[in-house]
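Colleague: After the sequence you'll find the predicted model.
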Amino acid sequence: MVELFDYSRATRLQRELFKQVIASVERPLFREDEARLVAGLDASYTRGLSVGVAVLMDLHEMRVVDKKYAVVRAGIPYVPGLLAFREAPGVIRALLELEKKPDVLMVDGHGLTHPRGFGIASHVGLVTGIPSVGVAKSRLYGEEKVEGGVRYVYAHGVKAGVVVEHGGAELYVSIGYSVTLEQAVRLVKKTLLGHKLPEPLYQADLYSREVKRLLDRKTP
DNA sequence: GCGACAG
DNA sequence: ATCTTGTCGC
């Protein structure tokens, strides 16, 4: 039968790139002290289209300094574990449109805490070569273990994520690409303001839905 | 076979 | 993620 999407080929690629993520974490490119720009990445969907957005924020002033979007065909359906193949194309295009290169990316979804250790956060980070952090609103994979009052998520033999409780909800923070788990958690906590999501993702969520509405209203 | 399953 | 009005509460 003709396959619209080669599942085994996609998972094979993820298992392979997972190794590069592990290698990147041993020598993190992310320089916390010098980091000034973070990009929040998210996407919305409508009529077979994917609206990917990238919102750039200044970590010192915690203000939005730039934001871009890209509309692409949502070719692949959503399949747990393969979210990146549906969502990354639009998000990456929007990211490349930014006037300045971010020091780190915050992606809506998991990174290492993924069945094959290569969720969308790792995917986007590796493809662009920019350190990344995954922030999901629910669990996907891994074993949770509490140590010193901290809810860690182990995956593929490594301490891959942390469950951060905030505003009555839980945030699954995980290593995306070229960052340590400690850096990932600090970045998320630092950008946690008055919303359930860290500011970069909250702003990205708002923007992607704004563009989607604009698209719905424009094309009846 | 059964349960889990990012957005 | 998306489909969807009003409504209860701070």
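Modeller: Thanks, I have the structure now.
Colleague: Could you measure from the residue nearest the centre of chain A over to A:Gly176?
Modeller: Nearest residue to the geometric centre of chain A (Cα atoms, centre = their mean): A:Val107, 1.8 Å. Going from A:Val107 to A:Gly176 by Cβ to Cβ, to the nearest Å gives 6 Å. Any C-beta I mention is one placed from the backbone N, CA and C, and that applies to glycine too.
Colleague: what is in contact with these two at once?
Modeller: A:Ala121, A:Val124, A:Gly125, A:Ser132, A:Val133, A:Gly134 (Cβ atoms under 8 Å, 6 or more residues apart in numbering).
Colleague: Quickly check: the helix or strand containing the residue nearest to the centre of chain A near DNA strand B or not.
Modeller: In the assignment (DSSP states H and E), A:Val107 maps to strand A:104-108. Yes: for strand A:104-108, a contact with DNA strand B is found by Cβ under 7 Å from any atom of the strand, at A:Asp108.
Colleague: With only the CA atoms kept, save the helix or strand just after that strand in CSV.
Modeller: For strand A:104-108, the succeeding helix or strand toward the C-terminus, using DSSP H and E, is helix A:120-128. Output in CSV follows, covering the C-alpha atoms of helix A:120-128 (Å, rounded to 0.1, in the frame of the first residue of the first chain):
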residue,chain,number,x,y,z
ILE,A,120,10.1,18.6,18.5
ALA,A,121,12.2,20.7,20.8
SER,A,122,15.3,18.6,20.0
HIS,A,123,14.3,18.4,16.4
VAL,A,124,14.1,22.2,15.9
GLY,A,125,17.2,22.8,18.0
LEU,A,126,19.4,20.3,16.1
VAL,A,127,18.2,21.4,12.6
THR,A,128,18.9,25.1,13.3
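Colleague: For helix A:120-128, list every residue counted as buried.
Modeller: Under the neighbour-count criterion of 16 or more other Cβ atoms under 10 Å, helix A:120-128 has A:Ile120, A:Ala121, A:Ser122, A:His123, A:Val124, A:Gly125, A:Leu126, A:Thr128 buried.
Colleague: got it, and stretch A:6-14?
Modeller: Counting neighbours by 16+ other Cβ under 10 Å, the buried set in stretch A:6-14 is A:Ala10, A:Gln14.
Colleague: And that stretch, how far out from the chain middle?
Modeller: Remark: stretch A:6-14 is offset 20 Å from the chain centroid, using Cα atoms, centre = their mean, to the nearest Å.
Colleague: That one near DNA strand B at all?
Modeller: No: if you take Cβ under 7 Å from any atom of the strand as the test, stretch A:6-14 misses DNA strand B, and the best it gets is 8.1 Å.
Colleague: Quick check: mean pLDDT of that stretch?
Modeller: Average pLDDT, stretch A:6-14: 94.
Colleague: Need the residues that contact it.
Modeller: With contacts defined as Cβ under 8 Å, 6+ apart, stretch A:6-14 is touched by A:Val79, A:Gly81, A:Leu82, A:Phe85, A:His114, A:Arg116, A:Gly117, A:Phe118, A:His123.
Colleague: switch to 7 Å and redo it
Modeller: A:Leu82, A:Phe85, A:Arg116, A:Phe118 (Cβ atoms under 7 Å, 6 or more residues apart in numbering).
Colleague: of those, closest to A:Arg47?
Modeller: Set against A:Arg47, the nearest of the contacts of stretch A:6-14 by Cβ to Cβ is A:Phe85 (19.3 Å).
Colleague: Tell me how many other residues surround A:Lys137.
Modeller: For A:Lys137, the count of nearby residues is 13 (other Cβ atoms under 10 Å).
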